[in-house]
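> coords below, sequence missing:
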């Protein structure tokens, strides 16, 4: 009976780790799409490198249980969630679209200064930006769940 419970706990940890990696990767891919409008294909190269580090730190921790890898994974997790999810996804897409909607499609000058580009982009561009925020919130939940179980 005890072995069965430990197997279930181990599967739950692996599940939280796998879901954390998946949602972080989705966040980076979506952020790469929105950044490709400005930086071109280099955004996808940078995104691939970030995803490689996500997988490397997560898998290295799971195999070695070395806390250094968990700390680096947590820091990378925070950077992706705050930078891509909150700043890019929420601030530059969700909040900007909402404020544009409230002001009939034109931001007042005092609000326009708050954003990198005050104009609304295509539906696809803004939709991908909003999905970046949603994926980052899922990544935050499973990253927290994974790190809490490991701590």
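Done, it's in. None of these values were measured; they are calculated from a predicted model.

> use CA for all of it now, contacts and neighbours both
OK.

> same for the helix or strand harbouring residue 127, what does it pack against?
Using DSSP states H and E, the element containing residue 127 is helix 123-150. Where contact means 3 or more C-alpha pairs under 8 Å, 6 or more residues apart in numbering; DSSP states H and E, helix 123-150 is packed against helix 2-39, helix 67-79.

> moving C-terminal of the first one, what's the next helix or strand?
So that's helix 2-39. As assigned by DSSP H and E, the chain's next helix or strand after helix 2-39 is helix 42-64.

> How about that following helix, which residues are buried there?
Under the neighbour-count criterion of 16 or more other C-alpha atoms under 10 Å, helix 42-64 has 43-44, 47-48, 50-51, 54-55, 57-62 buried.

> Residue 142 and residue 17 touch, don't they?
Yes. Contact status for residue 142 versus residue 17: in contact at 7.4 Å, counting by C-alpha atoms under 8 Å.

> phi, psi of residue 40?
Dihedral pair for residue 40: phi 70, psi -150, per degrees, to the nearest 10.

> pLDDT at it, what is it?
Listed pLDDT for residue 40 reads 96.

> and what of residue 87?
On the pLDDT scale, residue 87 is placed at 96.

> Please report the distance of it from residue 103.
21 Å (C-alpha to C-alpha, to the nearest Å).

> These two: who's more crowded?
Neighbour totals were compared for residue 87 and residue 103, and residue 87 leads with 14 against 11 (other C-alpha atoms under 10 Å).

> Please list all residues in contact with that one.
Residues near residue 87 by C-alpha atoms under 8 Å, 6 or more residues apart in numbering: none.

> In three-state terms, label it for me.
Under DSSP: H, G, I helix; E, B strand; the rest coil, residue 87 falls in the helix class.

> Tell me how many other residues surround residue 143.
26.

> Ignore what I typed, I meant residue 68.
12.

> Same question for residue 130.
24.

> out of everything not next to it in sequence, what's closest to residue 134?
Nearest non-adjacent residue to residue 134, counting by C-alpha to C-alpha, 6 or more residues apart in numbering: residue 85, 7.6 Å away.

> what sits against the one you found?
27, 132-137.

> again, but for residue 60
With contact taken as C-alpha under 8 Å, 6+ apart, residue 60 is in contact with 66, 69.

> how close does residue 103 sit to residue 127?
Using C-alpha to C-alpha, we find residue 103 at a distance of 19 Å from residue 127.
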